[in-house]
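Q: structure for the following, please:
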Amino acid sequence: MTKARILTVDDDKHILELITLNLKGEGYQIDMAKTGEEALQKLKASTYDLIILDIMLPGIDGLDVAREIRKFSDIPILMLSAKDSDMDKALGLGIGADDYITKPFSPIELIARVKALLRRYQKTTHRNQEIIEAYPIRLDLTSHRTWLYEREIQLTAKEFSILKLLVSYPGAIYTKAQIFQQVWGEEYLSDENTVMVHIRRLRSKIEKDASQPQLIQTVWGIGYRYTKEEEL
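A: The predicted model follows:
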C-alpha cells in the first residue's frame, strides 16, 4: 500500500539526505526542495500529505513559507530549527506549524513525529465525500484544491472554507452571521465587513464578471447563496 507523500525543505544537503533515507525506509514517498520559493512551487503544483520545513532557508525563510502555505492549504507542517528555545517554538507554532523538532534530531524521533502528525491529520480530514462538485466548481477537501471550469484556481484558506460552505448546498441562503461562525469559528459581532471583503475577493476569482455575480448571489437583507446549476 502506498504511504504518504512528504515534501522536505532544507538547504543543507546532508539533512535532506538523512531525512530522505530514513523516511523512504518507512515506505514514504519523498520530494525535496532547497529553498522556500522551490517549496511553494512544488506545493502548488502537486499534492503532499506533510511538509518538513527548515526555518533557516535562503531567500524566503521557513516562517514566511509557512505563512504562505496557510493561505491555501492546511497540510501538516513539521518545523526544523537549530534553535532550541521556548520563544522559537512559540513563534514557529504560532504561524501555523503543527509540530517542532530541533537539530540535531534522531531518526527515531523524526519518524515518530511524522507518523503522529500523519495520523492526526488523516483523522481530522477523513470525509465520506472528499470531492464536492457544484457546476462549474469542484473542490477537493483532502488537498484543499479548487477547479473552476476544469481550470485549477488558487484560493486562500478562508476563501476555500466559504466556498465549501456555499457549494455544499446550492440554493441555500446563509446569513453573514452563519458564514462568519462556520468559517472563523467565532461569535459573530456585527462585523459585516469581514465577510463582505472575503466574498468580494472570492467573486473576483470565480465570477466571469464580479460586478454582476452569477455563482455567488446576494440575497438582499439576508445573506448569500450559491446558484443551482439549473438556474445558470
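Q: what about the helices in the chain?
A: Taking DSSP state H, the helices of the chain run over residues 13-24, 36-45, 62-69, 86-94, 107-125, 157-168, 176-184, 192-206.
Q: of those helices, which approaches Ile137 most closely?
A: Evaluated with Cβ to Cβ, the helices of the chain place helix 157-168 nearest to Ile137, the distance being 5.4 Å. In short, each C-beta sits where N, CA and C put it, glycine included.
Q: and for the closest one, what's in contact with it?
A: With Cβ atoms under 8 Å, 6 or more residues apart in numbering as the test, helix 157-168 has contacts from 70-74, 132, 134, 137, 139, 141, 144, 146, 155, 172, 174, 179, 182-184, 198-199, 201-202, 205-206, 216, 224-226.
Q: going through those residues, which ones are buried?
A: Buried members of the contacts of helix 157-168, counted by 16 or more other Cβ atoms under 10 Å: 70, 72-74, 132, 134, 137, 139, 144, 146, 155, 174, 179, 183-184, 198-199, 202, 206, 216, 224-226.
Q: pull the number of nearby residues for Ile6.
A: Applying other Cβ atoms under 10 Å, we find 26 residues neighbouring Ile6.
Q: swap in Leu117?
A: Count around Leu117 with other Cβ under 10 Å applied: 21.
Q: distance of it from Gln181?
A: 28 Å (Cβ to Cβ, to the nearest Å).
Q: now Met195: closest residue in space, sequence neighbours ignored.
A: Careful, residue 195 is Val; it's not Met. Nearest non-adjacent residue to Val195, counting by Cβ to Cβ, 6 or more residues apart in numbering: Lys176, 4.5 Å away.
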